[in-house]
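1. 3D, please:
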Amino acid sequence: MDDELLERLEAWHEQDEYEEIVDAITQIPEDERDYVLVNHLGRALSNMERYQEAMEQFLSVAEEGENDPLWHYRIGLAYYYLEQYENARVAFEASDRLEPGDEDTQEFLEWIRNKTTEELTEESVEEPVDTVHSVTEITIEPVPGIHPESTGFWNDSPANVDQYVLSPPTDEQIEAVEEQLVFKLPTFYTNMMKLHNGGVPHYRYFPVSQAENGGKIHIEISNILGVGREKAHSLCGSAGSRVMVEQGGYPEIGVVLCECPSDSEVVMLDYRESGNAGEPEVVHVNKAEGYKITWLAPDVATFIQGLVNEENQPANLEGSL
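-> I've put the predicted structure just below:
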């Protein structure tokens, strides 16, 4: 393989330029791509959350990857995010046998064990198939400043829960999502998600200055993205923050927090001033107006506390989250 191309591929990977990797390799005829190139392509596709395509690439060199722990790890990753947990388990166990003690491999195996245990527990409970549980029914230790008992803030219709609400994240899952996003999530937000992980609030409007926002008196959101990747509309889901930034062309200033009714608008956590590990500001980005950025709040807590309903009534957060 061309050493110069390999150096470029590694450099693009370090710079998160995954599209460049895919473009460069796919220009090479398939019958001329060796094992190393196919693995670079599969890794880039996985990083772009195109897991089905990544899995297909890895399977095309399965014979050569039989004794390669990294091949097993990478295809295990694709299986995991495709929710093919048994295939993922087999792949990660093979990787662990070939290279014992890798922390990432063991972490995925632990997550798979937890998921399969949860599924078995759910199957053992007899109840009508149309029963939908709100995450507020899960017993969690209260987080300071947020009251867990009332569902007044959230609109937990069956459709909303099914589409947006995930199980409360563990600290390990939060760290994994932060690592993938390359941004530290605000403590107020993660505490909030530990009680109700994503969803559609009753309070979906944030007042803004008409002068600053083209005559609008408020910004409307559709949802708040939860921590995880299992649901499409979650931070690392197939329609999550990274996908919206990469495919929608939104500025790479942070993390998409909320979708809006208009496909050309999002609310983002803006880390330009704070740095990736600091406390981000909250902004509105309008693609239809040349990606115009409108500042909304100095932090997530102020943004959430500033949301109002259609009657312009604010939420009582002490008894609503």
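2. please give the element, helix or strand, for the residue nearest the centre of the chain.
-> In the chain, the residue lying closest to the centroid (C-alpha atoms, centre = their mean) is Cys236, at 1.5 Å. Assigned by DSSP states H and E, Cys236 belongs to no helix or strand.
3. what's the answer for the one 3 residues further on, then?
-> If you go by DSSP H and E, Ala239 is not part of any helix or strand.
4. please apply the same query to Thr190.
-> Assigned by DSSP H and E, Thr190 belongs to helix 187-195.
5. returning to that earlier point: what sits against the residue nearest to the centre of the chain?
-> Counting by C-beta atoms under 8 Å, 6 or more residues apart in numbering, Cys236 touches 49, 177, 180-181, 228-229, 242. C-beta here means a position set from N, CA and C on the backbone, and glycine is covered the same way.
6. which of the residues you listed fall within helices?
-> Those of these mapping onto helices are 177, 180-181, 242, per DSSP state H.
7. could I get these in a markdown table, plus columns for distance to Gly101, neighbour count and pLDDT?
-> Below are these laid out as a markdown table (distance: C-beta to C-beta, whole Å; neighbours: other C-beta atoms under 10 Å; pLDDT from 0 to 100):
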| residue | distance to Gly101 | neighbour count | pLDDT |
| --- | --- | --- | --- |
| Val177 | 24 | 24 | 94 |
| Gln180 | 23 | 16 | 92 |
| Leu181 | 27 | 21 | 94 |
| Arg242 | 30 | 20 | 90 |
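8. can you list these in a markdown table and add distance to Met193?
-> Shown next, in a markdown table, are the ones in helices among the contacts of Cys236 (distance: C-beta to C-beta, whole Å):
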| residue | distance to Met193 |
| --- | --- |
| Val177 | 10 |
| Gln180 | 15 |
| Leu181 | 14 |
| Arg242 | 17 |
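9. closest to Glu32 among these?
-> Closest to Glu32 out of the ones in helices among the contacts of Cys236 is Arg242 (30.8 Å), distances taken as C-beta to C-beta.
10. can I assume the closest one is in contact with Leu181?
-> Yes. Counting by C-beta atoms under 8 Å, Leu181 is a contact partner of Arg242 at 6.8 Å.
11. thinking again about what came up before, CA-only coordinates of the helix holding Thr190, as CSV, when you get a sec.
-> What follows is helix 187-195, C-alpha atoms only, in CSV (Å, rounded to 0.1, in the frame of the first residue of the first chain):
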residue,chain,number,x,y,z
THR,A,187,-23.6,19.1,34.9
PHE,A,188,-27.1,20.6,35.0
TYR,A,189,-28.0,18.9,31.8
THR,A,190,-26.6,15.4,32.7
ASN,A,191,-28.3,15.6,36.1
MET,A,192,-31.5,16.4,34.3
MET,A,193,-31.1,13.5,32.0
LYS,A,194,-30.4,11.1,34.9
LEU,A,195,-34.0,11.8,35.9
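12. in that helix, what counts as buried?
-> Neighbour counts over helix 187-195 (16 or more other C-beta atoms under 10 Å) mark 188-195 as buried.
13. same thing with stretch 242-254?
-> Residues 242-245, 250, 253-254 are the ones in stretch 242-254 that count as buried (16+ other C-beta under 10 Å).
14. check stretch 79-98 too.
-> The neighbour-count check on stretch 79-98 (16+ other C-beta under 10 Å) flags 79-81, 84-85, 87-89, 91-92, 94-96, 98 as buried.
15. repeat that for stretch 43-56.
-> For stretch 43-56, burial by neighbour count (16+ other C-beta under 10 Å) applies to 43-51, 53-55.
16. just the ones of these in helices?
-> 43-47, 51, 53-55.
17. can you redo the residues you listed as JSON lines with distance to Glu4 and pLDDT?
-> Output for those, formatted as JSON lines (distance: C-beta to C-beta, whole Å; pLDDT from 0 to 100):
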{"residue": "Arg43", "distance to Glu4": "19", "pLDDT": "95"}
{"residue": "Ala44", "distance to Glu4": "18", "pLDDT": "95"}
{"residue": "Leu45", "distance to Glu4": "22", "pLDDT": "95"}
{"residue": "Ser46", "distance to Glu4": "24", "pLDDT": "92"}
{"residue": "Asn47", "distance to Glu4": "22", "pLDDT": "92"}
{"residue": "Tyr51", "distance to Glu4": "29", "pLDDT": "90"}
{"residue": "Glu53", "distance to Glu4": "26", "pLDDT": "92"}
{"residue": "Ala54", "distance to Glu4": "25", "pLDDT": "93"}
{"residue": "Met55", "distance to Glu4": "29", "pLDDT": "92"}
